[in-house]
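1. The following block contains a protein sequence and its predicted model.
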Amino acid sequence: MTIAPDGTRNGGSQYRTMREFVESMDDTLPGKFEITKEGIVHDMMAPVGPHELTVAQVSRRLERVMPDRLLAHTGTPDVENRPEGIMRHPDIMVIAWEDMDIPGSFDPHALIAVIEIVSRSNPDNDLVSKVRDYPLLGIPMYAIFDPREGKGAVLSDIHSTPDGPRYATRKEFVYGEDITIGEWTISTEGLPRYP
């Protein structure tokens, strides 16, 4: 669910107001809050088992093949670009350990890749909004795993378009194939599906 008036593109004060609201709600309401150009996204459903199991399996598989200086991080904080008015909380962020040692949100330019597991309750957030927001934030690679369909895609190669930065390359996969995220190849064999 997205909530906010159309005028959210008007600058810092509206973003600050939305940010303060999100901070005040974090411990009071269930679910996850993010801020986009359209407003506040509130995914009210707690992630289900297959979602969390996919997060854990993909994170672990990546960490087995990445150098020790990198982490497939699954926790907080958010990734944020205040001038763009965007705050997201990816399921997995590939980041160097030293880039995590900062106060507040992660700098999106420090991320090597983000990975999202498509939500059953709000799939368009991962499949549409984040496909737009992540290149705008400058995140070089976005991998999407969809347990509804047993498939996904790896998006990369940011380029300029009249509508703003977009990913130029999309490599689709089905569960069971090996895929490459950045420089690292992992298996998608045995990833769970939503019932």
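-> That came in fine, so what should we check first? Residues are numbered from 1 along each chain as shown.

2. mind listing what's buried in the top helix by length along the chain?
-> Secondary structure of the chain per DSSP state H: the longest helix is helix 49-65. The neighbour-count check on helix 49-65 (16 or more other CB atoms under 10 Å) flags 50-51, 54-55, 57-59, 61-63 as buried. For the C-beta atoms, the positions are set from N, CA and C on the backbone; glycine is no exception.

3. Give the next helix or strand downstream of that helix.
-> Sequence-wise, the next helix or strand beyond helix 49-65 is strand 70-73, with elements assigned using DSSP states H and E.

4. Describe which strands that next one pairs with in its sheet and in which direction.
-> Paired neighbours of strand 70-73 in the sheet (DSSP bridges): strand 92-96 (antiparallel).

5. where exactly do the strands run in the chain?
-> Counting by DSSP state E, the chain has strands at residues 2-3, 32-36, 39-43, 70-73, 79-81, 86-88, 92-96, 111-117, 141-146, 151-159, 166-174, 178-181, 184-187.

6. what sits against the residue nearest the centre of the chain?
-> Nearest to the mean C-alpha position of the chain, by CA atoms, centre = their mean, lies residue 90 at 3.0 Å. By CB atoms under 8 Å, 6 or more residues apart in numbering, the contact list for residue 90 reads 79, 114-116.

7. and it, backbone torsions?
-> Here is the backbone geometry of residue 90 (degrees, to the nearest 10): phi -60, psi 150.

8. related to what we said a few turns ago, using TSV, lay out the contacts of residue 90 together with distance to residue 135, neighbour count and pLDDT.
-> Below are those laid out as TSV (distance: CB to CB, whole Å; neighbours: other CB atoms under 10 Å; pLDDT from 0 to 100):
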residue	distance to residue 135	neighbour count	pLDDT
79	13	24	91
114	11	27	98
115	15	24	98
116	14	23	97
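
9. Redo the residues you listed as TSV? Include distance to residue 72.
-> As requested, the contacts of residue 90 are exported to TSV (distance: CB to CB, whole Å):
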residue	distance to residue 72
79	14
114	10
115	8
116	13
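
10. Residue 37 and residue 85 touch, don't they?
-> Yes: applying CB atoms under 8 Å, one finds residue 37 in contact with residue 85, separated by 6.5 Å.

11. Looking at these two, which has the bigger crowd around it?
-> residue 85 (21 against 16; other CB atoms under 10 Å).
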